[in-house]
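Enquirer: I would like to see how this sequence folds:
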Amino acid sequence: PVFLANIERTMYPGAPVRPESALSRAQQLIAVGQKPAALETLHSALINKARRNQRAEWTPVYDDVAFLYVDLCVELRKARTCKDGLMQYRSLTQHVNVQSLGKVMERLLTKAQDYARDAQEKADKMMLSLDDLDEETPETLALSLVSGERAKDRTDREVVTPWIKFLWETYRNILDLLRVTTKLEPLYKATCKCAFDFCTKFKRTNEFRRLTETLRMHLQGVQKMKLNPSPFQTAPLPLSTPDSLQIHLEIRFAQLETAATLELWQEAFRSIEDIQGLMSLSDTPLKPQMMASFYEKLAQIFWVSKHLLFYSNTWFKLLVLSKTLKKTLTEQEAQTMAAHVLLGALAVPLDRRMGTCVDYDLGKERLRRMADMLNFSVALSRQEHLAELVSKGLLAMVRPEIARIYELFETQFCPRDLQSRLDASLEVLRGDASLEKYAPLLREVMVTRVLIQTARVYDVIALPDLQRLTGLPAMPLLERALLRAVRDGHLSARLNHTENAVHFDTRFFASENVRSQLTRLAVNLRQAVQAIRPEIMVQRAEAKRKLMAEVLARFEAEHTRIVERKALIERRKEQAERDAQRVAAQEEQRAAAQAAQMKEAEKRRMQEEARKRDEEHRRKLAEEAELAEQTKQAAAMKLAITKDQLAKVDAVARRALLEKKAVEQRKAQEDAEKRLQKQVARQHHVTRALREAEWTPRKEATVPGRRGRAAASTRSGSGACLSSTG
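Expert: Below is the predicted model of the structure:
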């Protein structure tokens, strides 16, 4: 059969291969063990049909051809050949029977996964078939010393790795082939999820990055095709229907889940940007379950990137969403979520230069865009965020121990026992694995708080005492914390290792604390006065009661006055509105009159232009008629002048030219007549002279003798003269 096929291709190199013949020939080749030749035959059939007979209809025999072609490609691991053939098969079926293409793709995907799984099982059986797993033969020992590989690594490299590579190429080929086929988008989504599971199972981070870039390129290509549609594109494009948009959103959520599993946080952030881009194209909001998953992954990203304000905001949105989504939200779940919100906000460092969301990373514009998309305030500081959480009643939702941490950090001033109180409150976090991660960050904030409060109380403090207050285990950690606080602008301090003390500059707080100091002084003095003279409170209460009675007594009159003033304002407003309406009506009338005048003037102008056009038309017709008449006259008079010559000049010049030509013609006729008359007269004189010459000899013939001879000679001479004249 191979010999006959070669002969046929040699005799008819350009002839297309019929699918029935190709299928039969391929089966015969497979029967004799020539699978590469069978694959080449089927490939030629697909290529020929797609390229040379584009208008031919699809037939069911192509299903069998494509199935056998896919089986051979998988068995021989020909990924590139498989993609080329299926591209041609897609062009054949995409307008006729797209479901056939989907069946072929599903078969390819299933076959590739089955062969990869069989290869893995085969490798496992090879490892289990060893006689003694602990015994090393000289051959295996030598190979391990040379290559550094174990027996299982070598088995996987020889048996499993080729099929794993082929499976990965199959995933990519299927995604490339189905990227613009809307009817097969469920298969596209299933292939994406299989590829994500592949990356998760084998920890393939580089392949996952390439896969996400491929998916973004597919999405960009679809958007370009929507902006510049092709006239040959009849099927709807992806992202053009709500179902298609939902499928792509589910793909991006699976991509986000895989990126979080592989701890590729940059790819996770880019996946979130992709999700936001797709959400902007959708008119309907996402499902609450998908939004909850979205916020959970976003919180993980912000925690890893140490953007704690974004992290706390995300947990707060998740808390609000969970309350609306879960009608049966338990108190324990609500407390845990609220604890994440509050502890995340309290863990934000006390840094003056990095106090807002955007200040954490001013160089990243995409972080600012993400804040806008999630409705985060880009200028939201730590204090403002905490105040917002308190105003929304978050402290009532958390456990008392966690609420006490907020009071220690934000409301109380206790530098000497802040560390011990915080340790007592943090004991509740040790039993919860999800909340225990906040303890180191809260201790850092506590150290900064202790340093700031200590600087407000002491001018000089010994380093051991300051270390005891902060609870830091080593002196270098204390020095690093002091330097960080000075760098961030919280205090001004000087280390004196000779005295083993820290000197604080109290002038640093003079300008910024004078207002708060005076306020605290006023509050304390008021409390002292109330304690010393309690009757003052009674006098104030009596004065307040009298004031309220006076206000109530004047309430009716004041209310009446306010109502009258309001009525007067309303009347004035109504009068102003009426005046404005009257002015507007006058303006409208004036504008209407002006428009009517302009319309009438335009009508007159158009009539005048029409009259001028008619006159011009009649004038042109008259000139043309006059030109035709003058041309006829010139022809009748047989003047040497053409119509083009007459058309080049105006009517007056034409008449003058005709008169001139007529005068010249008459003059030429007169000259010709005169010449003719002269010629006639001359001929008349010559004829007369000849006749007179003839009559003279006749008269002399009567004389005999000499006269007769003379006359004869005269006649002969005159005849000769006459003959010469004639």
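
Enquirer: low-confidence ranges in the stretch 101-250 of the chain?
Expert: Counting by pLDDT under 70, the stretch 101-250 of the chain contains low-confidence residues at 126-159, 230-236.

Enquirer: surely residue 502 is in a helix?
Expert: No. Residue 502: not assigned to a helix; according to DSSP: H, G, I helix; E, B strand; the rest coil it is strand.

Enquirer: can you pull the pLDDT of residue 74?
Expert: Here the pLDDT value assigned to residue 74 is 91.

Enquirer: with the one 10 residues further on instead?
Expert: At residue 84, the pLDDT value in this model is 89.

Enquirer: count of residues packed around it?
Expert: 16 (other C-beta atoms under 10 Å). Quick note: C-beta positions are derived from backbone N, CA and C, even for glycine.

Enquirer: ok, now residue 18?
Expert: For residue 18, the neighbour count with other C-beta under 10 Å is 14.

Enquirer: OK, contacts around it?
Expert: Going by C-beta atoms under 8 Å, 6 or more residues apart in numbering, residue 18 touches residue 45.

Enquirer: so residue 44 makes contact with residue 23?
Expert: No. Using C-beta atoms under 8 Å, residue 44 makes no contact with residue 23, being 12.0 Å away.

Enquirer: look at those two and report which has more neighbours.
Expert: Using other C-beta under 10 Å as the criterion, residue 44 and residue 23 rank with residue 23 on top: 22 against 17.

Enquirer: which strand or helix spans that one?
Expert: When elements are assigned from DSSP states H and E, residue 23 belongs to helix 19-31.

Enquirer: what is the next helix or strand after that helix packed up against?
Expert: Next helix or strand after helix 19-31 toward the C-terminus (DSSP H and E): helix 35-52. Packing partners of helix 35-52 (3 or more C-beta pairs under 8 Å, 6 or more residues apart in numbering; DSSP states H and E): helix 2-11, helix 19-31, helix 61-76, helix 79-93.

Enquirer: now do the strands in the stretch 451-600 of the chain.
Expert: Applying DSSP state E, counting those that start in this stretch to the stretch 451-600 of the chain gives strands spanning 460-462, 493-496, 501-504.

Enquirer: could you please name the strands the second one pairs with and the direction of each pair?
Expert: Within its sheet, and counting by DSSP bridges, strand 493-496 is paired with strand 501-504 (antiparallel).

Enquirer: please apply the same query to the first one.
Expert: Here strand 460-462 is paired, per DSSP bridges, with strand 501-504 (antiparallel).

Enquirer: distance from the chain centre to the strand it pairs with, please.
Expert: Its chain's C-alpha centre and that of strand 501-504 lie 58 Å apart, by C-alpha atoms, centre = their mean, to the nearest Å.

Enquirer: residues touching it, excluding its own?
Expert: So strand 501-504 is contacted by 454-455, 458-463, 466, 482, 491-496 (C-beta under 8 Å, 6+ apart).

Enquirer: now do 6 Å
Expert: For strand 501-504, contacts defined as C-beta atoms under 6 Å, 6 or more residues apart in numbering pick out 455, 459, 460, 461, 462, 466, 493, 494, 495.

Enquirer: residue 179: which element?
Expert: Going by DSSP H and E, residue 179 is not in any helix or strand.

Enquirer: residue 176 versus the residue nearest to it when sequence neighbours are not counted, what's the distance?
Expert: Nearest in space to residue 179, with sequence neighbours left out and distances taken as C-beta to C-beta, 6 or more residues apart in numbering, is residue 218 at 4.2 Å. Distance, residue 218 to residue 176, using C-beta to C-beta, to the nearest Å: 8 Å.

Enquirer: between those two, which is the more surrounded one?
Expert: More crowded of residue 218 and residue 176, by other C-beta under 10 Å: residue 218, with 18 against 15.

Enquirer: show me what whatever helix or strand residue 118 lives in is packed up against.
Expert: Under the criterion of DSSP H and E, residue 118 resides in helix 98-128. In this structure, helix 98-128 makes packing contacts with helix 61-76, helix 79-93, helix 151-155, helix 161-177, judged by 3 or more C-beta pairs under 6 Å, 6 or more residues apart in numbering; DSSP states H and E.
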